[in-house]
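Fold the following and give me the result.
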Amino acid sequence: MGVRRVVSFRARGNKLMGFVNAIRHSDIICFSQKYSMEEYTGKIYISDFERLKLLAENMKIDLFVEEYQGKMFTVLKYKARYGLLIGFIFMAAFVFVMSNIVVKIEINGNENIKDDEILYVLSEIGIEKGTFIPSLDIENCELKMKTRLGNASWAAIRTQGGRVIVDIHEGIPVPRTVHNNIPCNIVSERDAIVTDAQVMQGTLKIERGYSVGKGDLLVSGVVENGAGNYMIVHALADITGEYMEKETFVQYFESSQKEYEEKVQKRSLEFFGFRIPLGFEKKYSKSADYTETTDYFSVLGIEIPIGLVVSEYTDYEMKNITYTLTEAEEEIQKKISIYEKNFYSDKEIIKKDVKKNEYEDRVEYEVTYTIRGKIGVEKELFISKN
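Residues are numbered from 1 along each chain as shown. Next comes the predicted model:
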């Protein structure tokens with residue numbers, strides 16, 4: 001059985017479109033994608049996450065974990081036995097677990113950093129349910145956690161019996177306006193024809209109808225104050241242009257896709273980190289999509305590490321699908337629609353030219369878009385001291 005975990009991510013950086021294209025042309029499976037001029041979000045399987053991080057590091061892209069869904073699970077099967085010896089062994093094991101095994105993780109102090117992100121980082125550094133507490137180097141874990149949680153100014157970890165208590169102190173976010181004091185120009189991030197320019201600060205260097213290339217100066221951060229003197233400022237402007245982008249969409253006549261079976265729900269009792277199945281347990285020998293929720297019980301208003309776990313499995317098999325030319329073209333139209341919704345929702349598609357290519361094993365659509373959207377990006381202005 002393969003139960004897959006999903007990571008929701010957010011990416012920011014100067015080479016964001018290059019990062020998006022690199023993911024698209026890799027074998028990383030990315031879905032629920034959304035792209036804007038400043039941010040790209042999506043979801044990938046955990047098995048692809050290390051490659052995504054490496055790709056982001058190589059392209060100097062800031063990558064953040066937004067959400068962590070799905071979790072590998074273990075179920076302890078047991079058969080009840082009666083007798084004083086079994087009772088004694090159970091009590092001894094209970095005391096040992098409560099004292100030396102992580103049965104519950106509590107997080108305090110976080111507001112902007114999500115619990116799922118913190119739990120994911122804790123899992124990476126070796127702290128999760130079932131971990132042997134005496135084997136933990138708490139001081140080293142605190143250092144690693146602070147390094148991986150960029151929005152935390154400090155993090156403290158302490159243990160209390162079988163509980164791990166994590167105290168987070170979040171840093172104060174730096175307002176974007178602080179960067180407005182840094183002198184900069186605005187340059188074009190692509191080849192385009194300028195259609196509109198709204199300048200709030202700086203000197204406009206182009207006019208409507210100008211053809212500009214990638215990297216050309218649009219708004220200068222050097223301005224004249226009217227008395228023949230010059231000063232440098234942080235250029236602020238909205239520059240709109242028309243530009244062209246080409247994308248190829250492919251559909252093979254022979255393909256494979258998931259064929260789902262009926263969703264199955266299973267309940268278990270979580271007892272101090274152990275799972276006790278409630279009712280008949282179905283054997284799973286195939287891949288499945290998996291989610292779970294846990295509701296812990298409370299005694300006198302205090303949550304205890306005993307709760308009801310509801311797990312949902314949807315088995316699937318990979319089926320080979322054969323498409324006719326008409327069906328393949330319908331699939332491509334769906335891909336085009338999703339692509340435009342994800343990447344052009346905040347832009348205007350002026351024109352769309354489609355060229356169809358048919359091959360023995362596939363059909364391809366080469367789509368050339370004429371887009372109207374923002375083309376200006378900030379570029380730091382360096383002043384020579386010579």
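
Can you point out the buried residues in the single longest helix found in the chain?
The helix spanning the most residues in the chain, taking DSSP state H as the definition, is helix 325-343. Neighbour counts using 16 or more other CB atoms under 10 Å place 328, 329, 331, 332, 336, 339, 340, 342, 343 of helix 325-343 among the buried residues. (Glycine included, C-beta is placed from N, CA and C.)

Closest one to residue 102 out of those, please.
Minimum separation from residue 102 among these (CB to CB) is found for residue 342, which lies at 39.6 Å.

ok, the residue nearest to that closest one when sequence neighbours are not counted - how many residues close by?
Distance criterion CB to CB, 6 or more residues apart in numbering; nearest residue to residue 342, sequence neighbours excluded, is residue 33 at 4.8 Å. Per other CB atoms under 10 Å, the neighbour tally for residue 33 reads 18.

Residue 118 too?
Residue 118, neighbours per other CB under 10 Å, totals 22.

where does it sit relative to residue 33, distance-wise?
25 Å (CB to CB, to the nearest Å).

same thing with residue 197?
Distance, residue 197 to residue 33, using CB to CB: 30 Å.

ditto for residue 41
In this view, residue 41 and residue 33 are 7 Å apart by CB to CB.

What of residue 311?
From residue 311 across to residue 33, the span is 28 Å (CB to CB).

go on, residue 239?
26 Å.

same deal with residue 227?
As for residue 227, its distance to residue 33 is 51 Å (criterion: CB to CB).

For burial, what's the neighbour tally of residue 305?
So residue 305, with other CB under 10 Å, has 21 neighbours.

Enumerate the positions of the strand or helix carrying it that are buried.
For residue 305, the element it lies in under DSSP states H and E is strand 302-322. For strand 302-322, a neighbour-count test (16+ other CB under 10 Å) marks 305, 307, 309, 311, 313, 315 as buried.

The first one reaches residue 105, doesn't it?
No. The pair residue 305 and residue 105 fails to qualify as a contact (CB atoms under 8 Å) at a distance of 9.8 Å.

Touching both of the two, which residues are there?
Residues touching both residue 305 and residue 105 by CB atoms under 8 Å, 6 or more residues apart in numbering: residue 163.

what helices or strands is the strand holding residue 305 leaning on?
strand 254-260, strand 264-271, strand 288-299 (3 or more CB pairs under 8 Å, 6 or more residues apart in numbering; DSSP states H and E).

mean pLDDT lowest for which of those?
Least confident of those, judged by mean pLDDT, is strand 288-299 with a mean of 75.

got the buried residues for it?
Quick answer for strand 288-299 (16+ other CB under 10 Å): 288, 289, 290, 292.

how far out from the middle of the chain is the helix or strand where the residue nearest to residue 342 lies?
Using DSSP H and E, residue 33 falls within strand 30-35. Relative to its parent chain, strand 30-35 has a centroid offset of 9 Å by CA atoms, centre = their mean, to the nearest Å.
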